[in-house]
Structure formats: structure tokens, C-alpha cells
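# A structural model of the following input is requested.
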Amino acid sequence: GSICRNQPFLVTLLLPQNKYITMGKSTHFIGQPLYSQVIKLLDKAKILQISREQGGERYIKRFDSWTHLVVMLYAVIMRFDSLREISTSLQAEARKLCHLGISMMTSRSTLSDANKRRPEKVFEAIYSDLYATYHNRLSSDSRIRKEPKWMKRLQIIDSTTITLFSNLLFKGVGRHPKTGKKKGGIKVHTVIHANEGVPSDIKFTSAATNDSFMLRPTTLHGGDIIAMDRAYIDYEKLEEMTQRGVLYVTKMKKNLKYDISGDTIYQRPDGLMEVRIQQVAFTKHLKEEDIIHHARIITYVDEKKRKLIPLLTNDMESDPTEIIDIYRKRWEIELLFKQMKQNFPLKYFYGESANAIKIQIWITLIANLLLMVMQKNLTRSWSFSGLATMVRITLMYYVDFYSLFNHPEKDWEAYLKEVSDCPPEPTLFD
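A predicted model of the protein is given here:
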């Protein structure tokens, strides 16, 4: 028989008052696993084409980039920690693999070799193509959510460090507090558009690399707004952004030297400071000429932390509250990093080579994007963590994703109705 045949089973339940209910198919039943509905968001022909263009199909007989991507996505969504877990689980789900477009059983050695040899640029290109396809679907509608006008123009830049066991591949910063050994780390530099919530640009470096390299004024356009951490402060780049008509908001570094041309403090009715605005100029001495950068320092009171927060911006006109709101939006990228680290396996890697580590990070980014697209299409509200957990549990179940996640109680309600409609069994005394 076909390995794709699905045969629902019947379970008879003994209920109080001698009621017998036969449980058949789920009300969410569909003839394919939930995972096959996830990967329908992928275009197999396009992925294979991208892989050929990036040299990912050279000397490949059977384990093509589609199979590689589907197996790795499965592993990442299921949060497996090792190649053994991946291969054993695939063997257990052998009869369902044809629904995923997989025609071979993947061994540990096959997957390990592919992670080592297939260029990680293949998966970078796949992510870029998926972002181009779905980013408009992920962008929020400012008319519905009443978001400020600047929201669509706002980009957020930041980085997160993923700790590695070895310091050989990516140079880390600092040492292990107990062993004293140097820590390895890969730094993921990310740009997101604030109204989309997924990375639009990603670069990998060692953890020791300074963040400011990711700030590239030539890639920005007039009218763009950039929110960033103070690690990105570079007077030369900030002045180039100003010349291009790009606005930025960042946090002030300590011990920066500048000249003050204006200083105004605004008070609240109770006499305490509400906000302080300073017009300043920074000077950077170069061989050819000095660079003078004009900006504003806006200092406000953080009520929760009970301290003063100084912000630096080249926006000389906007209201201070707007500047503060823009900087606070920077936390969206921190929440994205937290979301990815909490819901996907970035503590354990399926390979030790730099290529294998980067592939796993790209696959994690792809999994995050696909689940966010599916979350966006739901009518019921789900937290990302709750959604990722339920998808992991039901990934290979024969259930319809939208039916299950929009109405997860449907099976239970149908069961209760069947119980209430069932007449009681006659007894010896009736």
C-alpha cells in the first residue's frame, strides 16, 4: 500500500450514566499533516532555482536544497537538539514524508555533510526572497491600529550575540566566569522595519566586531528614520545621514565631548523637570577636514527606572515626546531577539562548522517568518510563543491549521453535544 495512506481510528468511550460515544475523526481533520500546510508558503521550484544560482546543487544526487530546507525547518520548529533526534523522528514519521515532497530517508551523515558543504548563501537568498514575498502581508495597517505617521518610515538597527562553545570559528568577547576560557560567539546584526516585525537585512560577524559597521548611510533614503543603540554612534556616519535627509534617534554615550549652543529645561506643574533640550555640535578631526555634526540632546525622566535618559537626534524640529516614542520603539527588535531565542533551538547546533551554524540561524529566521505569516492570517489572537508551542505539538497531525487555531475548542464542543444528544441506556429496573 501507499506510505501516504491515512486511516483514522475509532475509540469508544465509557461515560457516566452508561452512555457510549464512539469518537471518530477530528472536526479539524484534513488529509495532510499540518507541516505540509506550513511549507505551502514556500515555492519549491523557486527554491531549487535559487540554490542552483548559488551553487547549492553541485555534485548533488538526491539530497537537494528543498529536502535540506524542509528537514532543517522540521528540526528547528520541533526544537530538536541533535542530528540523532532529527533522523529518528523522521523514521517514525516515514509514512507522512511524501506530503512534504521528500522521497528519501535522511540519515545523520547526509544532513551533517549538507550542513557543512551547501553554501549558507543559499538559505540567505531563500530568506531574502521570502521576505520580499511576504513583508507587505506582515506590515500593520496604521489606519486600523492608529499608529503615528512616522511608523512606516522607521527602521530599527541592533544586534544579538549567540554564544558558541568554541572560540575558534568566531572570536568572542570576555571569558567564561568559571573556567576562564574565552567564549566564542556569532553576532547577528539586524535591521527591521518597525511596522513589519521581521528582519529585512541580516549580517553575521564574530561577537568581537563593533556594531557601527552595520550602519551604512548609502543604503538609506531621504525621509527614513533610524532608531539604534548608542554602540552605533559614529560622527562621520551620523553627519552623512544628515546630509542625505535621514533622521536618527539613539541613546547618548557617556563622556562624549560637544559644544552647547542652546539649553532649555521644561518643568511639570509640580516643579520637577519634564524634559531638557540641548542644541549641540560634535567635532571629529580628520586629515582632510574636520567634521562638525549638529544635533539635539533630549533628556527625559524614566519614571519606572527612576533615572534620566539622554537621547541624541539630528531631528531639530519634532516634538520631544515624538523623539522619545521613536526611541522606545527600538524595544521591538529586542522582543524579536527574545522571541527567536525562546522558541527555536539556538543553544545547540547541528554542526560545528561556521557554514552549519549560519545555516541553522537562517533556517530559524525562515521558521520565524513563516509562523508570523500564519499568525497574521488567524482571526483568533495568539501569542507567538503559544502559537509556536501548539504548532510544535501538532506539526505532524492531520489537522487543518486555520480550523484548529481559530477554534481549538471545536472538537470538545462537538463531543459534549454528542453526549447531551445521546439517550440514556435502559437499566434492569426501567
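# now the strands for the stretch 301-430 of the chain?
Taking DSSP state E, counting those that start in this stretch as the test, the strands found in the stretch 301-430 of the chain are 307-313.
# what ranges of it fall below the confidence cut-off?
Along the stretch 301-430 of the chain, the model assigns pLDDT under 70 to residues 411, 415, 418-419, 421-430.
# Spell out, range by range, the helices that occur in it.
Counting by DSSP state H, counting those that start in this stretch, the stretch 301-430 of the chain has these helices, from start to end: 320-328, 331-343, 354-376, 384-394, 401-406, 410-421.
# Nearest to residue 127 among these would be which one?
Closest to residue 127 of those is helix 354-376 (C-beta to C-beta; 5.4 Å). Yep, even glycine has a C-beta here, placed from its N, CA and C like the rest.
# What is that closest one packed up against?
helix 34-38, helix 65-78, helix 108-117, helix 120-138, strand 184-193, strand 199-206, helix 331-343, helix 384-394 (3 or more C-beta pairs under 8 Å, 6 or more residues apart in numbering; DSSP states H and E).
# one more time with 7 Å
When contacts are defined as 3 or more C-beta pairs under 7 Å, 6 or more residues apart in numbering; DSSP states H and E, helix 354-376 sits against helix 65-78, helix 108-117, helix 120-138, strand 199-206, helix 384-394.
# Could you list which residues are in contact with residue 401?
Neighbouring residues of residue 401 by C-beta atoms under 7 Å, 6 or more residues apart in numbering: 34, 37, 374.
# circling back: can I get the helices of the stretch 301-430 of the chain in CSV including distance to residue 213?
Compiled in CSV, those are given as follows (distance: least, C-beta to C-beta, whole Å):
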stretch, distance to residue 213
helix 320-328, 22
helix 331-343, 17
helix 354-376, 17
helix 384-394, 30
helix 401-406, 40
helix 410-421, 51
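# Just name the most buried of those helices.
Mean neighbour count (mean count of other C-beta atoms under 10 Å) peaks for helix 354-376 among the helices of the stretch 301-430 of the chain, with a mean of 21.
# Give me the distance between that one and the centre of its chain.
Centre-to-centre, helix 354-376 and its host chain are 7 Å apart (C-alpha atoms, centre = their mean, to the nearest Å).
# do the same with stretch 309-322
Offset of stretch 309-322 from its chain centre (C-alpha atoms, centre = their mean): 29 Å.
# Kindly report the same for stretch 120-127.
Relative to its chain's centre, stretch 120-127 lies at 16 Å (C-alpha atoms, centre = their mean).
# what's the average pLDDT for it?
For stretch 120-127, mean pLDDT is 96.
# pLDDT weak spots in the stretch 151-300 of the chain?
For the stretch 151-300 of the chain, the stretches flagged by pLDDT under 70 are 165-184.
# all helices for it, in order.
With DSSP H, counting those that start in this stretch, the ranges of helices along the stretch 151-300 of the chain come out as 235-243.
# Thanks a lot, catch you later.
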